[in-house]
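Peer 1: could you look at this predicted model? Sequence included:
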Amino acid sequence: MSCQVPAVSRFSIGVSLALCVLTLPAECRGPQTYAEFRSALGRRTLDRLRADGRIRQIWGVLVPRELLLDPDTRAAAALLAAGPTAALTGLTAAWLQGCPAAATPVVHVAVPYSSSLRTQEGLVVHQGRRLLNEVIEERGLRTVEVEVAITELLCTDLAKRALAVADQAAALIPERERSAFRERIADRLATRADRRGTARAGALLCLITGRADSPPESWLKLLVVEAGFPPPWSSSRWLMRWSVSVMSWICVGRTCASRWSTTVMRPTSTGWTAMPSATLIWSGVDGSPSGRLQLTSVSPPRCSHDSMTRSRQGCGVLQDDPR
């Protein structure tokens, strides 16, 4: 009695070989060049993993699919693509050093002028004479110091986001050292070769306190000052009333153009005193976060219980950030 062994097709052999590499070796769990992956896995295995999508390519660097959106992996891939003299800068450097308001899927990297790397999808390349003079290592990644990153953001990024990130950076140091922190940034602005944005950065620098509990509180601080009111940090309770009033209005319908007024209170030695009412004007596409929020003052109304009740209702976040 004979036993016939079934023939194994070439297709089934290919499938079994492809399924053998379900997880990459430990030395391949990160961004690498094609040559490095080929040396570790072999050309045929690497090509097969790339064909079925388990290894992806970004900026000329290969990355495992499951790590494609990991911020640290993307930052490491950007540095590998930029070369050994590059360093993370801007939002990426600030996020890496403890400022969550700077989180973004786009990686910002500084390179010398001799580098041929250019800005592309998901990667912003910065070139500057002094950007790479102060480089440290954070979590194994080369990055510019946080003060360098904050100086760049104050000059080039959205004002609201730059202020929120700067407030978080200031909050990381003791309060007695924050004045010196602002002075060092002021010195950097004064000696900055590119003068574009330095005037606005100087105005934002005066608002950095490190006392904001969240990015919306930093945004609101800027909104109040831009509207012509005095800086609200002299009383945290006044800032709280401002934030509650503004956020309440934003939660009431997202029409293309809306107007709403409320009584703003400030603390005095005898209690709360009514300030001129704030007229808030929202302009933008219905439901769009890219509208504009304006704040103007009109004649002071009488403070009533109903107005204070309205100012306590609802909560939300400012919607005028285009990003």
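Peer 2: Everything's here; your move. Every value quoted in this text rests on a predicted model; they were computed, and no experiment measured them. Numbers count the residues shown, from 1 in each chain.
Peer 1: where in the stretch 201-323 of the chain is pLDDT low?
Peer 2: Where the stretch 201-323 of the chain drops to pLDDT under 70, the residues are 232-323.
Peer 1: mind doing that once more with 90?
Peer 2: Counting by pLDDT under 90, the stretch 201-323 of the chain shows low-confidence ranges at 211-214, 217, 220-323.
Peer 1: how about the strands of this protein, start to end?
Peer 2: 55-58, 61-64, 87-88, 107-111, 123-127, 135-138, 141-144, 257-262, 265-268, 271-274, 278-283, 292-297 (DSSP state E).
Peer 1: how about the nearest residue to residue 79 once chain neighbours are set aside, what does it touch?
Peer 2: With sequence-adjacent residues excluded and distances taken as CB to CB, 6 or more residues apart in numbering, residue 79 is closest to residue 86, at 5.6 Å. Where you see a C-beta, it was placed from the backbone N, CA and C, and this is true even at glycine. Residue 86 makes contacts with 78, 79, 109, 110, 111, 112, 115, 117, 132, 142, as judged by CB atoms under 8 Å, 6 or more residues apart in numbering.
Peer 1: does the fifth one really touch residue 83, like I thought?
Peer 2: In this case it means residue 111. Yes: if you go by CB atoms under 8 Å, residue 111 and residue 83 touch, sitting 7.0 Å apart.
Peer 1: what sits in contact with each of these two?
Peer 2: residue 117.
Peer 1: for those two, indicate the residue with more neighbours.
Peer 2: residue 111 (24 against 14; other CB atoms under 10 Å).
Peer 1: if we can go back for a sec, which of the contacts of residue 86 count as buried?
Peer 2: Neighbour counting over the contacts of residue 86 (16 or more other CB atoms under 10 Å) leaves 78, 79, 109, 110, 111, 117, 132, 142 as the buried ones.
Peer 1: looking at those, which one is closest to residue 229?
Peer 2: Sorting the buried ones among the contacts of residue 86 by distance to residue 229 puts residue 110 at the head of the list, at 37.4 Å, by CB to CB.
Peer 1: show me the shaky parts of the stretch 1-150 of the chain.
Peer 2: 1-30, 35-43, 45-47, 49-50, 52-54, 66, 128-131.
Peer 1: now do the helices in it.
Peer 2: 10-20, 34-41, 43-51, 71-82, 90-96, 146-156 (DSSP state H, counting those that start in this stretch).
Peer 1: can you add distance to residue 167 and give those helices back as TSV?
Peer 2: TSV is the format used below for these (distance: least, CB to CB, whole Å):
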stretch	distance to residue 167
helix 10-20	51
helix 34-41	41
helix 43-51	43
helix 71-82	21
helix 90-96	11
helix 146-156	10
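Peer 1: circling back: ok, the buried ones among the contacts of residue 86 vs residue 198, which is closest?
Peer 2: So of those, ranked by how close each gets to residue 198 (CB to CB), first place is residue 110, at 18.5 Å.
Peer 1: beta-bridge partners for that closest one, please?
Peer 2: residue 87, residue 126 (DSSP bridges).
Peer 1: look up how far residue 135 lies from it.
Peer 2: Residue 110 sits 9 Å away from residue 135, going by CB to CB, to the nearest Å.
Peer 1: ok, now residue 148?
Peer 2: For residue 148 relative to residue 135 (CB to CB), the value is 9 Å.
Peer 1: those two - which one has more neighbours?
Peer 2: residue 148 (26 against 18).
Peer 1: list the contacts of the more buried one.
Peer 2: Residue 148 touches 89, 93, 130, 131, 134, 188, counting by CB under 8 Å, 6+ apart.
Peer 1: format the residues you listed as TSV; extra columns: distance to residue 194.
Peer 2: Shown next, in TSV, are these (distance: CB to CB, whole Å):
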residue	distance to residue 194
89	14
93	18
130	10
131	11
134	17
188	12
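Peer 1: can you select the buried ones from the residues you listed in ChimeraX?
Peer 2: ChimeraX command restricting the contacts of residue 148 to the buried ones, with burial defined by 16+ other CB under 10 Å:
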select :89,93,131,188
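Peer 1: nearest to residue 213, of the contacts of residue 148?
Peer 2: residue 93 (23.3 Å).
Peer 1: so the closest one touches residue 104, yeah?
Peer 2: No: look at residue 93 against residue 104 with CB under 8 Å: they stay out of range, at 11.6 Å.
Peer 1: tally of neighbours for residue 206?
Peer 2: Residues near residue 206, counting by other CB under 10 Å: 11.
Peer 1: which residues do residue 110 and residue 135 both contact?
Peer 2: 87, 144.
Peer 1: coming back round to it: for the contacts of residue 148, which one is nearest residue 172?
Peer 2: When those are compared against residue 172 (criterion: CB to CB), the nearest one is residue 93, at 13.5 Å.
Peer 1: show me the contacts for the nearest residue to residue 128 once chain neighbours are set aside.
Peer 2: The shortest distance from residue 128 to any non-neighbouring residue, by CB to CB, 6+ apart, is to residue 110 (6.6 Å). Residues near residue 110 by CB under 8 Å, 6+ apart: 86, 87, 88, 89, 125, 126, 127, 128, 131, 132, 144.
Peer 1: one more pass at 10 Å, please.
Peer 2: Neighbouring residues of residue 110 by CB atoms under 10 Å, 6 or more residues apart in numbering: 82, 85-90, 92-93, 124-128, 130-132, 135, 142-144, 148-149, 152.
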